[in-house]
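**Student:** The following block contains a protein sequence and its predicted model.
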Amino acid sequence: MAQDLGSPLTGVHHHTETSPDATDFVPSRNEALETRLMASADSSRILESMSVERVPAVFAPASPASKPGNPPISTLAAGDPDDTFAEALTQHDLGPLDAQAVTHGDAIDNPNDVDMFAFRVGPRETVHFDIDTTTNGPPGLGSYLRVFDARGTELASNNDRQAPGDPAPGFDSYIPYTFSQGGRYFVGVSNWQHYRYDPISGTDGLNPDPRWLTGGYSLVITTTGDPDDQIAIGEATAIDPLALTWSESDRIDAIDVDMYSFTAEAGQIVAFDIDSAVGPGYGGQFHGTLRIFDSAGRQLALNSNGVGPREAAAEDEGYLEHTFPVAGTYFVGVSGTGNNTYDARTGEGDAVAAEGSYTLTITKVWTGP
C-alpha cells in the first residue's frame, strides 16, 4: 500500500460502465454496439447486432418508458432471498479474497432474479469477476455483472466481454477491477435486461426484451492480491539506509499488510513505533501488529498493541525494539491486530483484522561503536 501511489489503476474498458466517481474508463452512453446470438424460428443460431443505450445512473436512471412504444419497466415487489447487501452478508459472504480462485455455481431462475455476493479486498487489489455459461451466453443466460461499494454506489458493470481463456466472441460477462481502497464490496449477477435493480432495497427494474433472461452460470473470482505484503524485491517499500529516524504514513484495510525493507549493522538496536494517524478523515485509534523478518522470510520478533517510551498506556498501537546480531537487509511488516500469521514470502495466510490509518517511525536507537 505504500508504494506507487501515483500509478494508474487497472481500468474496466470495453462494454463496461462505471460510476462517475470510479477510477476506470467511462464510455459514452450510446457508444456500445453489442453483438448477441439469438435463436431463429428453425432453431439455427444467427447473429443480431443491436445498439444498447448505456445508463450511467444507478438507482434513478432515465426510464425507457418515456420513449414511444416502450412498455414501462417492471418494479416488482421483492421476493428474491439473496438480492440485497443484507442478504448477501448472511447467504453469500465470500470473506477476504486471497490467491485462491473462488467459484460459485448458481442460476438466474426467473427474469427478476439477482444473486448478490459480499467480499473483502485489500487496497489496490485487482479482482477479476468472470461469468461462465455452457453456451457462452445466448441462447442460454445473457448475464450481467455489477460491482458495488458498501454504500450502494456502482463501481463497474458489464454485459458482454471476453475473459482471458474464454472462447470468442465473448457473450458472458467479465469485469477486471482494481479497488483503490480496501474494505467490503459486493458483486451482483443478473440477466442482461435486469441491470437497474437497487442492491440495498432489492427493488427490481426489468427492461422489456424477453430473450435470454434465465439459466445456469458459474461465477469465478480471482485476485492478484496485496501489492506490497511480501519481502520480494519490488514489493516492500525501501527505507533510507542513511537516516537515523524515518517515518511513513499509510493505511491498513481488512486483510492488508504493508512491508518495509531496511538495513541494519551488526549489534544495532532499532525501534519500530506505530502511531495512529488521527484527525478528520482518519477515523479512530489503530491497533497494529509489527513483525520483523530476515531476508529468508523467517520471523525474528513480533509485537501487537505495544506501548512505546513516553507514551500513555492507552497509546497501544504497537511498539517493538530489536537487536540485529548480523548486518544485512531485514523487513518489518505492519498489519492490524489479529493478522499476525501471514507468510512474508508469499503474502498468503491473511486474516481479517483491525483497520485504520497509521504512521510508522523507525529509529536506530544504538548504532554500535
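**Tutor:** Received it, and whenever you're ready, just let me know what you need. Numbers count the residues shown, from 1 in each chain.

**Student:** contacts, neighbours, all on C-alpha from now
**Tutor:** Noted.

**Student:** For this structure, which segments count as helices?
**Tutor:** For the chain, the helices defined by DSSP state H occupy 85-91.

**Student:** residues in contact with residue 214?
**Tutor:** Going by Cα atoms under 8 Å, 6 or more residues apart in numbering, residue 214 touches 107-111, 140-142, 191.

**Student:** Which of those fall within strands?
**Tutor:** Among these, the ones falling in strands (DSSP state E) are 107-108, 191.

**Student:** between the residues you listed, which has the most around it?
**Tutor:** residue 191 (25 neighbours; other Cα atoms under 10 Å).

**Student:** Just to check, that residue is in contact with residue 143?
**Tutor:** Yes. Using Cα atoms under 8 Å, residue 191 is in contact with residue 143, at 4.4 Å.

**Student:** Give the buried residues for stretch 193-207.
**Tutor:** Along stretch 193-207, these residues count as buried under the neighbour rule (16 or more other Cα atoms under 10 Å): 193-199, 202-207.

**Student:** mean confidence score for that stretch?
**Tutor:** Stretch 193-207 carries an average pLDDT of 89.

**Student:** gap between the two ends of it?
**Tutor:** 5 Å (Cα to Cα, to the nearest Å).

**Student:** cool, and stretch 105-123?
**Tutor:** This stretch, stretch 105-123, spans 27 Å end to end (Cα to Cα).

**Student:** Pull the distance from it to the chain's centre.
**Tutor:** Centroid displacement of stretch 105-123 relative to its chain, using Cα atoms, centre = their mean, to the nearest Å, is 15 Å.

**Student:** for stretch 327-334, the distance to its chain's centre please.
**Tutor:** Centroid separation for stretch 327-334 versus its chain: 28 Å, with Cα atoms, centre = their mean.

**Student:** ok so, going back, can you list residues touching both of residue 191 and residue 143?
**Tutor:** In contact with both residue 191 and residue 143: residue 213, using Cα under 8 Å, 6+ apart.

**Student:** Show me this structure divided up by domain.
**Tutor:** 16-223, 237-366 (automatic domain parsing).

**Student:** where are the low-confidence patches of the stretch 101-250 of the chain?
**Tutor:** Applying pLDDT under 70 to the stretch 101-250 of the chain flags the ranges 225, 233.

**Student:** Contacts only, for residue 350.
**Tutor:** For residue 350, the contacting residues are 255-256, 339-342, by Cα under 8 Å, 6+ apart.

**Student:** which residues sit in contact with the closest residue to residue 201 other than its chain neighbours?
**Tutor:** Leaving aside its sequence neighbours, residue 201 sits nearest to residue 84 (Cα to Cα, 6 or more residues apart in numbering; 6.4 Å). By Cα under 8 Å, 6+ apart, the residues touching residue 84 are 116, 198-202.

**Student:** surely residue 138 meets residue 169?
**Tutor:** No. Applying Cα under 8 Å, one finds residue 138 not in contact with residue 169, separated by 11.5 Å.

**Student:** the more surrounded of those two?
**Tutor:** Shown here are residue 138 and residue 169; by other Cα under 10 Å, residue 138 has more neighbours (22 against 14).

**Student:** what about the more buried one, distance to residue 178?
**Tutor:** 29 Å.

**Student:** could I get the domains of the chain as JSON lines with distance to residue 230?
**Tutor:** Below are the domains of the chain laid out as JSON lines (distance: least, Cα to Cα, whole Å):
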{"stretch": "domain 16-223", "distance to residue 230": "13"}
{"stretch": "domain 237-366", "distance to residue 230": "5"}
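
**Student:** Of the ones in strands among the contacts of residue 214, just say which sits nearest to residue 222.
**Tutor:** residue 107 (20.1 Å; Cα to Cα).

**Student:** Confirm for me that that closest one is in contact with residue 219.
**Tutor:** No. Counting by Cα under 8 Å, residue 107 stays clear of residue 219, with 10.1 Å between them.

**Student:** ok so, going back, among the buried residues of stretch 193-207, which lie within strands?
**Tutor:** Per DSSP E, these never map to strands.

**Student:** of all these, which two lie farthest apart?
**Tutor:** Within those, 199 and 207 form the most distant pair, 16.7 Å apart (Cα to Cα).

**Student:** show me what contacts residue 229?
**Tutor:** Residue 229 neighbours (Cα under 8 Å, 6+ apart): 235-236, 256-259, 333, 344, 347.

**Student:** just to revisit the earlier point, just the buried residues of the contacts of residue 350.
**Tutor:** Buried among these (16+ other Cα under 10 Å): 255-256, 339-340, 342.

**Student:** closest to residue 231 among those residues?
**Tutor:** residue 342 (11.9 Å).

**Student:** on that earlier part again, distance to residue 290 and pLDDT added to the buried ones among the contacts of residue 350, as a markdown table?
**Tutor:** Shown next, in a markdown table, are the buried ones among the contacts of residue 350 (distance: Cα to Cα, whole Å; pLDDT from 0 to 100):
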| residue | distance to residue 290 | pLDDT |
| --- | --- | --- |
| 255 | 15 | 74 |
| 256 | 13 | 84 |
| 339 | 10 | 91 |
| 340 | 8 | 94 |
| 342 | 12 | 92 |
